[in-house]
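1. can you look at this prediction? I've put the sequence above it.
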Amino acid sequence: MEEIAAYAHRARYEDLSKASVEQLPTHILDCVACSLAALGAPPVDACREQVREFGDGGACRLIGGGSSNPVYASFWHTALVRYVDIMENFLAPTETCHTADNFGGVLTAADLADASGREFMLGLAVSYTIQSRLVDHANFMTRGFDHTAQLAFSVPAAAGRLLGMDTEQIAHAMAMAGASGASFANIRAKPLSQWKGLASAQSTFAAMNALFLARRGVQGPLSIIEGPNGIENLLHRPIDVDWANEKYEGVVTSAIKRYNAEIHTQSAIHCMVELRGRQPIDSTQVVSIEAVVPQITFDFTGGGLYGGASVTITTKEQADHSLPYLLAVALLDGDVMPAQFLPERIARDDVQQLLTKVVVKPGHDFTRAYPELMPAHITVRLQDGRVLTHGVEDYPGLPCRPFTWNDAVSKYDRLVEGKVDPGLAGEIKDVVKNMAGHTTRELVDLLARVPYPNAN
């Protein structure tokens, strides 16, 4: 625990690689876009009511207006960046996590500390790296724990550093959060609920509460990882990370989503969109659609480890984790964005009928290529006997093919259209593009000016 705390405490902006410095604004804009896109979603409305009732007022301004204490502000900001499920991930061979889950806690702490843009960027790099290293060197999900469990370490480490806490305080904060912040992988099992998009907010809420207790001198179980009956005992393996020599490169190893869907489906969707773009496909003439994907894609979204590929899709949460639905709607609409998860779109007969014709299979060679690549191959058979095929090795957004600033701007513009005044949306982009030359407060000032839809 002390090693992770020391790793966070000694971090300096100058430690970041050129690639990290260049890519951080792109990742920040993506997180902002995801957050603004969530404003007004029904579960997010419930979170807003909760924050207003129990945490109204305080030193932290909120995206969408209002203010709160830092614990509830972190909860709110994490719910926003996560809920729509179009944010970034880190990909390990058998595990994953949403590195963007760190954004809300780090943004809140940086605002509270009146941190420079450089310090905010560094805080994100620290948190992204800690969470992704715990994913890459452990097996939380295969032992039944959710990937939000690692936020107990990454959020307090980065937030504590931003708030000027010492190594000992940061270590105790992580110890308390780690001892109490366990969540379970069943969150991702079928049938999916709305908690899929809110669990990370709850984890951040608990982690930030532990952080401020540690700042007041409360001590936690520092051996929670390696001690008797600790986390390593539950995982049945040591977590062996060389924190003394670890860099701060979690951002450049994170994948940004191009489509509003589970991360492992991105290449398959991209493959279908490209296939559809080559020639029109009459969906009423489709006999079958076969998708060959890596094992982990099959496990999460195609009927494998996390449950059957149900043909009963009625909610956003079910739809964005169902590869049959995603491929069907991609063939029909040529895209997979929030519009493809409106209740009326999900319920329409065309997609409901077409998704029953989709078969998902894991491919051995595809599994071996993952996570450096994310291959996918689509075969569409038509009633007239034609067979249409297409394959891809990756998609725009995978670390081997990273999002550019222009990619992020295009996605941002689509997600905030109709939610943010164009002038204000442009100001936000300008600040984020040169985040190193601005303060966190300047960014939060702009985000707090975004009106909440149908605010009362």
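-> The structure has been received and is ready for your questions.

2. wait, Val106 sits on Leu122?
-> No: using C-beta atoms under 8 Å, Val106 is not in contact with Leu122; the gap is 9.5 Å. For glycine as for every other residue, the C-beta is placed from the backbone atoms N, C-alpha and C.

3. more neighbours: which of those two?
-> Neighbour totals were compared for Val106 and Leu122, and Val106 leads with 33 against 29 (other C-beta atoms under 10 Å).

4. ok, for the more buried one, nearest residue in space, not its chain neighbours?
-> Closest residue in space to Val106, ignoring its immediate chain neighbours: Gly123 at 4.4 Å, by C-beta to C-beta, 6 or more residues apart in numbering.

5. what is the helix or strand hosting that neighbour packed up against?
-> Here Gly123, judged by DSSP states H and E, is contained in helix 117-136. In terms of contacts (3 or more C-beta pairs under 8 Å, 6 or more residues apart in numbering; DSSP states H and E), helix 117-136 is packed against helix 2-9, helix 18-38, strand 89-91, strand 96-97, helix 103-112, helix 151-162, helix 440-448.

6. select, out of the ones you listed, the one closest to Leu382.
-> Nearest to Leu382, of all the helices and strands packed on helix 117-136, is strand 89-91, at 33.7 Å by C-beta to C-beta.

7. how far does the closest one sit from the chain's center?
-> 8 Å (C-alpha atoms, centre = their mean, to the nearest Å).

8. which helices and strands does it pack with?
-> strand 96-97, helix 117-136, strand 254-255.

9. any idea which helix or strand comes after the lowest-mean-pLDDT helix or strand in the chain?
-> For the chain, the helix or strand with the lowest mean confidence is helix 316-319, at a mean of 92 (criterion: mean pLDDT, DSSP states H and E). Following helix 316-319 in sequence order, the next helix or strand is helix 323-333 (DSSP H and E).

10. avg pLDDT for that next one?
-> Averaging pLDDT along helix 323-333 gives 98.

11. mind saving the C-alpha coords of that helix as CSV?
-> This file holds the C-alpha atoms of helix 323-333, laid out as CSV (Å, rounded to 0.1, in the frame of the first residue of the first chain):
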residue,chain,number,x,y,z
LEU,A,323,-23.6,-8.0,-29.7
PRO,A,324,-26.6,-9.4,-31.6
TYR,A,325,-28.5,-6.1,-31.0
LEU,A,326,-25.5,-4.0,-31.8
LEU,A,327,-24.7,-5.6,-35.1
ALA,A,328,-28.4,-5.6,-36.1
VAL,A,329,-28.8,-1.9,-35.4
ALA,A,330,-25.5,-1.1,-37.0
LEU,A,331,-26.6,-2.8,-40.2
LEU,A,332,-29.9,-1.0,-40.1
ASP,A,333,-28.7,2.5,-39.1
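
12. which parts of the helix or strand that comes right after it are buried?
-> Using DSSP H and E, the helix or strand that follows helix 323-333 in sequence is helix 343-347. By 16 or more other C-beta atoms under 10 Å, the buried positions in helix 343-347 come out as Arg345, Ile346.

13. and the helix or strand following helix 343-347, average pLDDT?
-> For helix 343-347, the following helix or strand on the C-terminal side (DSSP H and E) is helix 349-355. For helix 349-355, the mean per-residue pLDDT is 97.

14. residues touching helix 349-355, excluding its own?
-> For helix 349-355, the surrounding residues in contact (C-beta atoms under 8 Å, 6 or more residues apart in numbering) are 283, 286, 289, 311, 313, 322, 324-325, 327-329, 331-332, 345.

15. do the same with stretch 176-189
-> Here stretch 176-189 has contacts from 1, 140-141, 144-149, 151-153, 155-156, 193, 195-196, 199, 202-203, 206-207, 210-211, 213-214, 218, 220-221, 224-225, 231, 300, 306-307, 321, using C-beta under 8 Å, 6+ apart.

16. also stretch 50-61?
-> With C-beta under 8 Å, 6+ apart as the contact definition, stretch 50-61 has outside contacts at 62, 66-73, 75-76, 108, 111-112, 444-445, 447-448.

17. out of these, which end up buried?
-> For those, buried by 16+ other C-beta under 10 Å: 62, 66-73, 75-76, 108, 111-112, 444, 447-448.

18. coming back round to it: and of the helices and strands packed on helix 117-136, who's closest to Glu249?
-> Of the helices and strands packed on helix 117-136, nearest to Glu249 by C-beta to C-beta is helix 18-38, at 5.9 Å.

19. in the closest one, what counts as buried?
-> Of the residues in helix 18-38, those buried (16+ other C-beta under 10 Å) are 20-21, 23-38.

20. and that helix, how far out from the chain's middle?
-> The chain centroid and the centroid of helix 18-38 are separated by 12 Å, computed with C-alpha atoms, centre = their mean.

21. quick one: average pLDDT of the helix or strand following that helix?
-> Note on helix 18-38: by DSSP H and E, the next helix or strand toward the C-terminus is helix 42-55. For helix 42-55, mean pLDDT rounds to 96.

22. next, the angle from the helix or strand that comes right after helix 42-55 to helix 42-55.
-> Moving toward the C-terminus from helix 42-55, the next helix or strand (DSSP H and E) is strand 56-61. Interaxial angle of strand 56-61 relative to helix 42-55 (axes from the mean of the first three to the mean of the last three C-alpha atoms, to 10 degrees): 110 degrees.

23. can you list the strands that strand 56-61 pairs with?
-> Here strand 56-61 has these sheet partners by DSSP bridges: strand 67-68 (antiparallel).

24. hmm, who's touching the partner strand?
-> With contact meaning C-beta under 8 Å, 6+ apart, strand 67-68 is reached by Val51, Gly55, Asp56, Gly57, Gly58, Ala59, Cys60, Arg61, Leu62, Ala73, Trp76.

25. tell me the gap between it and the middle of its chain.
-> Chain-centre distance of strand 67-68: 24 Å, with C-alpha atoms, centre = their mean.

26. and stretch 272-287, by the same measure?
-> From the chain centre to the centre of stretch 272-287 is a distance of 30 Å (C-alpha atoms, centre = their mean).

27. quote the end-to-end distance of stretch 185-193.
-> 13 Å (C-alpha to C-alpha, to the nearest Å).

28. so which bits of it are buried?
-> Quick answer for stretch 185-193 (16+ other C-beta under 10 Å): Ala185, Ile187, Arg188, Lys190, Leu192.

29. got JSON lines for those residues, with pLDDT too?
-> Formatted as JSON lines, the buried residues of stretch 185-193 follow (pLDDT from 0 to 100):
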{"residue": "Ala185", "pLDDT": "89"}
{"residue": "Ile187", "pLDDT": "90"}
{"residue": "Arg188", "pLDDT": "84"}
{"residue": "Lys190", "pLDDT": "75"}
{"residue": "Leu192", "pLDDT": "81"}
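
30. what's the closest of the residues you listed to Gly397?
-> Set against Gly397, the nearest of the buried residues of stretch 185-193 by C-beta to C-beta is Arg188 (20.7 Å).
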